[in-house]
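Asker: What follows is a predicted protein model with its sequence.
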Amino acid sequence: MTQVVQYSRRGAVGVILVENPPVNALSQAVRQGLLDALRQGLEDDGARALVLAGGGRTFIAGADIAEFGRPLAAPDLNDVIAAFEDAAKPVVAAIHGTALGGGLEVALGCHYRVAVAKAMVGLPEVKLGILPGAGGTQRLPRLVGAHVALTMITSGEFVPAPKAHELGILDAIVEGDPVDGAVRFAEALDPAGPHPRVRDRAERIAADRGSAVFDEKRRALEKTARGLFAPQRCVDAVQAAAELPFEEGLKRERELFGQCMAHPQSKALIHVFFAERAIGKIPDVPADTPARPVATAAVLGAGTMGGGIAMNFANAGIPVTLLETSQEALDRGLATIARNYAGTVAKGRLTQAEMERRLSLITPTLDMAALAEADMVVEAVFEDMAVKQDVFRRLDAVAKPGAVLATNTSTLDIDAIAAVTSRPADVIGMHFFSPANVMKLLEVVRGSATAKDVIATAMQTGRKIGKVSVLVGNCDGFVGNRMLMPYSRQAELLVEEGAWPEQVDKALQDWGMAMGPFAMGDLAGVDVTWRIRQRRLAEGKAAGSPLTDRLYLMERYGQKTGAGWYRYEAGSRTPLPDDAVKRMIENHRETHQIRPRAISDEEIVKRMIYALVNEGAKALEEGMALRASDIDVIYLYGYGFPAWRGGPMHYADSVGLPAVLADIRAFQQHSGAEWTPAPLLERLAAEGGSFAAHDRRR
Ligand code: 3H9
């Protein structure tokens, strides 16, 4: 027998224990080990019943995702499950931690399931762009009916054990050690049987035959899972459970599973699964780097960003001091925070008491000296180097030794800010995204002097306050906004050349982006873009199009003034095309003698997305991002890039780098230097490589 699965006996009950850290994934060795241990248990005359459990922190978290994409080696998981289901002795699954995907499917193949109250069960395959492929879509509906099964399988959400018990997925909740509890449960069973098989439970699912629930779910998913392939296939599979005999249903599930596996969306979503877990791996700041304790925090500036950042700390239970320069600004900031919380309470997502607890963790002040005890200070004042340097000089004078001094700048040089302090090693960038209390992304920006434990502290604190923390280097715009500059530039050029803002936005939204660039510009503020443009022009850098200047002169600053690239009706955030903007664009074209041409959606998408890819490749080569997959995570969590396309760098891989490069070269012929291909892209395309392979080599 293989070592990853062990068989032992407790009294008259045989125990099969999976030991495949960290999460007991069902690798080939585990599948084989399960078959071997089952045979041993069945042959063991001293065992009247069997218990299946997971060692370590969990039961079984599913198939081994790392094996996907390769031909699956025998034994097939379906055969393993069938062997358990047909076993001549009763088998009890003992669940703690999580029973997910293939893990729950194995448990559904056991005759009984017991769990500790803290355990969770679920079929999260849909989040990987696939569906349960080892009988989950056929067995779960037989236990809980089509409605609940559809909800669980199309959402992938985890169900806490007490709820799973109520639903009939679990037979009992056990106290204390799960294996002890399961052994007690097994001792009470009659070894002579019959041993109930989920596959034989026909009544519940038969009632769903011909039900409208399937079409209703399909229609709902058209809205909630727009553009996604797997959720609709999940419905097909559950419907097969209602309409076909078990074996035929399994066959249908297999076909649908194969279709999902072959689809580019599953490759993208599986890439995202690993990309999200790679961001914490920093070669020179290993996971065991001791972080500085952050028990208290302070935020400088109670504007939109500062207020949102303070809320993050309060939400995580960290007391936070909020500093402003005038009582009026402080009152305004606090009122916004209170309004934001009240909105969440009104939606039923927060209790009044919890809102009050969080508000009580925020201490307003006008006195810089009140920051003296904070373990971490985040500066969120006006985006201007002189202003920030002044703040850091004063902060340096009051902050306690060892405090982490972070700046929330979105574009400025961290080293120039750190240089005005006596402790550049303690200075770091923590770039939150607006609205900071909602957006998940945090770019942690490492300066040339930033200490490793300060990096570890910022990354860890970011996670603690609910952010997806990605480490980036110190360059203009860091990674996300740096890539956004050529992206926005393309958007404006497309409009100069003949497209309308609403056409550009629609093309990108249809492609999957949460928002188009012009609607996003209105949200961020045209004045903000204008200010960045002015700074970059003064520094002699490429800086977008003069269309922004015209809009700025018209005082159309975006949503906040009710007009930007679009107009907004009072109280509404819906962008409406505006003739005044069209006239402005036409005027601009005439002034510059541009003859507008019809531009296809395909051209729009290529120019926009490849602008991201090309700049991303440059940032990667310069070491501003540790991995191409980190760039993908930044775009998924900070810029509304569709997860099912895997992020810009994965998308380029999926198209094929030679094809991407050929298009970029064609754009270069048309518009020159701004499309100079990234040398890394050229190299990878020439050697038949990919960004993923480049990541693996590092
Ligand atoms: C499936 O089952 C298909 C079947 O229906 C049909 C087959 C025919 N495989 O998330 P963490 C790794 S599809 C391989 O940081 P946590 C993970 O990469 C599967 N590796 O921990 C990480 O590695 P590293 C359906 C896996 O405590 C480490 O474990 N199941 C797998 O925050 C720790 O992970 C799922 O989709 C896996 N299945 O969360 C469940 N799972 O340390 C996916 C984890 O090198 N997993 N790893 O970075 C999860 O949701 C979470 O990992 C879990 C633990 C909740 C279990």
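Answerer: Perfect, thanks for sending it. Numbers count the residues shown, from 1 in each chain.
Asker: can you give me the strands for the stretch 151-300 of the chain?
Answerer: Here the stretch 151-300 of the chain has its strands, by DSSP state E, counting those that start in this stretch, at 159-160, 172-174, 297-300.
Asker: Now do the lowest-mean-pLDDT helix or strand in the chain: distance to the chain's middle.
Answerer: Taking mean pLDDT, DSSP states H and E as the measure, the chain has helix 526-538 as its least confident helix or strand, at a mean of 87. Taking CA atoms, centre = their mean, to the nearest Å, the mean C-alpha location of helix 526-538 is offset from the chain mean by 30 Å.
Asker: residues of the helix or strand that that helix is followed by that come out buried?
Answerer: Sequence order places helix 547-553 as the next helix or strand after helix 526-538, per DSSP states H and E. In terms of neighbour count (16 or more other CB atoms under 10 Å), helix 547-553 has its buried residues at 547-552. Every residue, glycine included, has its C-beta placed from N, CA and C.
Asker: send the alpha carbons of stretch 608-616 over as CSV?
Answerer: C-alpha atoms of stretch 608-616 as CSV (Å, rounded to 0.1, in the frame of the first residue of the first chain):
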residue,chain,number,x,y,z
MET,A,608,-6.8,47.9,-25.5
ILE,A,609,-5.9,44.4,-24.1
TYR,A,610,-2.6,44.2,-26.0
ALA,A,611,-1.6,47.6,-24.7
LEU,A,612,-1.9,46.0,-21.2
VAL,A,613,0.0,42.9,-22.2
ASN,A,614,2.9,44.8,-23.8
GLU,A,615,3.3,47.2,-20.8
GLY,A,616,2.8,44.2,-18.4
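Asker: what comes up buried for it?
Answerer: Neighbour count says stretch 608-616 has 608-616 buried, by 16+ other CB under 10 Å.
Asker: and that stretch, average pLDDT?
Answerer: For stretch 608-616, mean pLDDT rounds to 98.
Asker: gap between it and the chain center?
Answerer: On CA atoms, centre = their mean, the centre of stretch 608-616 falls 20 Å from that of its chain.
Asker: Make 40 the starting number, not 1.
Answerer: Shifting the count to begin at 40 puts that one at stretch 647-655.
Asker: which residues are in contact with that stretch?
Answerer: For stretch 647-655, contacts defined as CB atoms under 8 Å, 6 or more residues apart in numbering pick out 518, 521-526, 528-530, 533, 543, 547, 550, 556, 664, 667, 670, 674, 687-688, 690-691, 699, 702-703, 706, 714, 716-717, 720.
Asker: in the stretch 540-689 of the chain, what residue is nearest the ligand?
Answerer: Residue nearest to the ligand within the stretch 540-689 of the chain: Ser668 (12.0 Å; CB to the nearest ligand atom).
Asker: Kindly report the same for the stretch 140-289 of the chain.
Answerer: Using CB to the nearest ligand atom, Gly140 is the residue of the stretch 140-289 of the chain that sits closest to the ligand, at 2.5 Å.
Asker: list the contacts for that residue?
Answerer: By CB under 8 Å, 6+ apart, Gly140 lies in contact with 100-102, 161-164, 171, 175.
Asker: Now render those as a markdown table, adding secondary structure, neighbour count and distance to Pro681.
Answerer: Shown next, in a markdown table, are the contacts of Gly140 (DSSP: H, G, I helix; E, B strand; the rest coil; neighbours: other CB atoms under 10 Å; distance: CB to CB, whole Å):
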| residue | secondary structure | neighbour count | distance to Pro681 |
| --- | --- | --- | --- |
| Ala100 | coil | 25 | 25 |
| Gly101 | coil | 26 | 24 |
| Ala102 | strand | 26 | 24 |
| Gly161 | strand | 25 | 23 |
| Leu162 | coil | 30 | 22 |
| Pro163 | helix | 21 | 19 |
| Glu164 | helix | 29 | 19 |
| Pro171 | coil | 31 | 23 |
| Gly175 | helix | 30 | 26 |
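Asker: Need these in a markdown table (columns: pLDDT and distance to Asp492).
Answerer: What follows is the contacts of Gly140, written out as a markdown table (pLDDT from 0 to 100; distance: CB to CB, whole Å):
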| residue | pLDDT | distance to Asp492 |
| --- | --- | --- |
| Ala100 | 96 | 32 |
| Gly101 | 97 | 35 |
| Ala102 | 96 | 38 |
| Gly161 | 98 | 37 |
| Leu162 | 98 | 41 |
| Pro163 | 98 | 35 |
| Glu164 | 98 | 39 |
| Pro171 | 98 | 43 |
| Gly175 | 98 | 44 |
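Asker: between the residues you listed, which is nearest Leu209?
Answerer: Checking these against Leu209 by CB to CB gives Gly161 as the nearest, at 12.6 Å.
Asker: in the sheet, who's paired with that closest one?
Answerer: Beta bridges link Gly161 to Leu139, judged by DSSP bridges.
Asker: thought it was touching Pro199?
Answerer: No - counting by CB atoms under 8 Å, Gly161 stays clear of Pro199, with 9.8 Å between them.
Asker: three-state assignment of the residue of the stretch 540-689 of the chain closest to the ligand?
Answerer: What DSSP: H, G, I helix; E, B strand; the rest coil gives for Ser668 is helix.
Asker: ok, now which ones touch the spatially closest residue to it that is not a sequence neighbour?
Answerer: Leaving aside its sequence neighbours, Ser668 sits nearest to Ala314 (CB to CB, 6 or more residues apart in numbering; 3.7 Å). Ala314 is in contact with 666, 668-669, 671-672, 686, 689, counting by CB under 8 Å, 6+ apart.
Asker: Mind putting the residues you listed into CSV with pLDDT?
Answerer: Output for these, formatted as CSV (pLDDT from 0 to 100):
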residue, pLDDT
Arg666, 98
Ser668, 98
Asp669, 98
Asp671, 98
Val672, 98
Gly686, 98
His689, 98
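Asker: out of the residues you listed, which is most surrounded?
Answerer: If you count neighbours using other CB atoms under 10 Å, the busiest of these is Asp671, which has 33 neighbours.
Asker: how near is the closest residue to Phe680 other than its chain neighbours to Met552?
Answerer: Leaving aside its chain neighbours, Phe680 sits nearest to Tyr674 (3.9 Å; criterion: CB to CB, 6+ apart). Separation of Tyr674 from Met552 (CB to CB, to the nearest Å) stands at 10 Å.
Asker: gap between stretch 398-412 and the chain center?
Answerer: 33 Å.
Asker: before we move on, back to that, determine the residues that are contacts of both of Tyr674 and Met552.
Answerer: Residues touching both Tyr674 and Met552 (CB under 8 Å, 6+ apart) are Phe680.
Asker: Looking at these two, which is more packed in?
Answerer: Legend: neighbour count by other CB under 10 Å for Tyr674 and Met552, higher for Tyr674 (28 against 22).
Asker: returning to what we had before: can you tell me which of the contacts of Ala314 is closest to Leu73?
Answerer: Taking these together and measuring to Leu73 by CB to CB, the closest member is Ser668, at 32.1 Å.
Asker: Spit out the contact partners of that closest one.
Answerer: 310, 313-314, 317-318, 686, 688-689, 730-731, 734.
Asker: Identify the residue nearest Val44 in space, chain neighbours excluded?
Answerer: Nearest residue to Val44, sequence neighbours excluded (CB to CB, 6+ apart): Gly72, at 2.9 Å.
Asker: And the residue of the stretch 390-539 of the chain closest to the ligand?
Answerer: Closest point on the stretch 390-539 of the chain to the ligand, by CB to the nearest ligand atom, is Arg502, at 10.5 Å.
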